[in-house]
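Visitor: Quick check, what structure comes out for this input:
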Amino acid sequence: MFLKRKFLAVLFCTFLFGIEKISPIVVPLETVKTLPSLYFSESMTNGQIEPDYKDTLLEVLKQDILQSYHFDLVMGKLDVEPLVSGPLQKHTKELSAFKSDFVLLPKIEQKKFILKLYEPRFHTSTLIGEFAINGKLDQDRLEMHQLFDAMHQKIFQQNGIASSKILFCRKTADIDGEWISDIYEMHQDGSFLKKITSSQNYLITPIMIPKTRNGSDYEYLFVSYEKGQPKIFRGHSKQHQSSPLLPMRGNQLLPAFSPLGDKIAFICDASGKTDLFLQQFHPSKGVIGKPIQLFSKPNSTQASPSFSPCGSKIAFVSDKDGAPKIYILEIIDAIRLQKTPPVRLLSANHKESTCPTWSPDGKKIAFCAMSEGYRQIWVLDLEKKIEMPITSGSIDKENPSWAPDSLHLVYNTTGQESQIYTIDIVKQKPVKLTEGDGISHFPSWEQR
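Guide: Just a heads-up that it's a prediction; the model follows:
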């Protein structure tokens, strides 16, 4: 039980070392100043669906656009599609709608929703996609999310996050003093909530294995106390069976994947100390070779590894100099020098900082640190060397994880409530995704 409590303290990223209040200088993060303009016309035929339902579907698409923070949205009532072809085409440049960078051409034919994108400067339209409307809002909402993601891919050569998934754990009961929890999945807006495990054990820190999602199916890693000690397991979203990942003694915790899915960083005390390890991995073949000990320091605890997008660096937490702080190491240096490579201190402005997570674009690291007496989510701009808390309020937040767009984060609250939230770094508006009893924690956003 002592080891279990010790490692859970690490997992919750608090280290229980006594938190000292600080008042760092805060400089607001800069955001994108020029966004492509997108004209969205709500004037369209209803086909064979009710007008109210048509409006509901269009609102789903509108909210996906707004919440992406990638567009300057212009709403209008002009029925655009008849104007982009035929004798009226030469007059479109005189209309305000066609001064936008892009014009949406939504259309309903019978019970089919069709979305095209018109580019006025090139006088070309592209079919983004279509789907059969079945009248069930949950299913039609998912189809609309996928249409938005396809449109985002067309414009930015990067898939949107509207149909992306979030994994998290929920503690639901105490049996004989033991903690019982399962893994859940949901879409980024909190919809399609589903339990994907049925365990009588304590499961934590689920992460989706990159490059394994095929439709709704995917593989993932998690930590289970099934065998007494925490061990890393591999599971499948549509199968109830799972298996241990590493034939390695000791407590195994906090797995993290490189963006390509070819390396796993994790924490283990196989050597008698709580050290940082690296394991080569292949989605089909599994683990390759033996794990490599990347960083070890006497009388210290390592935790919370996170890869850079190129996979050559790892941000992690260590209390090697006293209080827990965030450091960065070069993997090549760590392998060459073995166990004690030089590391760079990242969180010099904070006496206690934990839970680092590297953004997919490589420009930012989110982490947890104190702000006005509570643990908040902070974001550090690596290029400009500026940082700021993006959450506030009288409740602690932990375990941030980036969305694939590097503009949104998911995290959990602790203490007064334990629920899952998302927040954007542009307007910094938190959105609560979970409700109800139990402790919801350890969220992770799928990476694509």
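Visitor: How far away from the center of its chain is stretch 224-243?
Guide: The chain centroid and the centroid of stretch 224-243 are separated by 22 Å under Cα atoms, centre = their mean, to the nearest Å.
Visitor: which residues are contacting that stretch?
Guide: 3-4, 7, 179, 183, 185, 196-199, 201-204, 209, 216-223, 244-246, 250-253, 255, 266, 286 (Cβ atoms under 8 Å, 6 or more residues apart in numbering). Glycine gets a C-beta too; all of them are placed from N, C-alpha and C.
Visitor: ok, 7 Å please
Guide: The contact list for stretch 224-243, computed with Cβ atoms under 7 Å, 6 or more residues apart in numbering, reads 7, 185, 196, 198, 201-203, 217-223, 244-246, 251-253, 255, 266.
Visitor: for stretch 404-414, same thing?
Guide: Identification of contacts with stretch 404-414 by Cβ under 7 Å, 6+ apart yields 69, 161, 164, 166, 359-361, 363-364, 366, 377, 395-403, 418-426, 440-443, 445, 447-448.
Visitor: Now list the buried members of the contacts of stretch 224-243.
Guide: Buried residues within the contacts of stretch 224-243, defined by neighbour count using 16 or more other Cβ atoms under 10 Å: 7, 185, 196, 201-203, 218-223, 245-246, 251-253, 255, 266.
Visitor: Keep only those of those residues that are in strands.
Guide: Residues from the buried ones among the contacts of stretch 224-243 lying in strands, with DSSP state E as the criterion: Glu185, Leu203, Glu219, Tyr220, Leu221, Phe222, Val223, Gln252, Leu253, Pro255, Phe266.
Visitor: Looking at those residues, which one is closest to Ile390?
Guide: Nearest to Ile390 out of those is Glu185 (Cβ to Cβ; 24.7 Å).
Visitor: which residues pair with that closest one across the strands?
Guide: Taking DSSP bridges as the rule, Glu185 bridges to Leu167, Lys194.
Visitor: Longest helix in this protein, please.
Guide: Counting residues, the longest helix found in the chain (DSSP state H) is helix 137-156.
Visitor: Specify the local secondary structure of Gln67.
Guide: helix (DSSP: H, G, I helix; E, B strand; the rest coil).
Visitor: And the ones in strands among the buried ones among the contacts of stretch 224-243, which two are furthest apart?
Guide: Glu185 and Gln252 (22.6 Å).
Visitor: Run through the strands of the stretch 151-300 of the chain in chain order.
Guide: When secondary structure is read from DSSP state E, counting those that start in this stretch, the stretch 151-300 of the chain shows strands at 165-175, 178-187, 194-195, 203-208, 219-227, 229-236, 242-244, 252-257, 263-268, 275-282, 286-295.
Visitor: now the ones you listed in TSV, with distance to Asn349?
Guide: Supplementary listing: the strands of the stretch 151-300 of the chain in TSV, determined by distance: least, Cβ to Cβ, whole Å:
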stretch	distance to Asn349
strand 165-175	29
strand 178-187	34
strand 194-195	40
strand 203-208	27
strand 219-227	31
strand 229-236	32
strand 242-244	40
strand 252-257	24
strand 263-268	25
strand 275-282	23
strand 286-295	22
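Visitor: wait, doesn't Lys62 sit right on Phe40?
Guide: Yes. Proximity of Lys62 to Phe40 meets the contact threshold set by Cβ atoms under 7 Å, at 6.5 Å.
Visitor: more neighbours, these two?
Guide: Comparing Lys62 with Phe40 by neighbour count (other Cβ atoms under 10 Å), the higher total belongs to Phe40, at 21 against 18.
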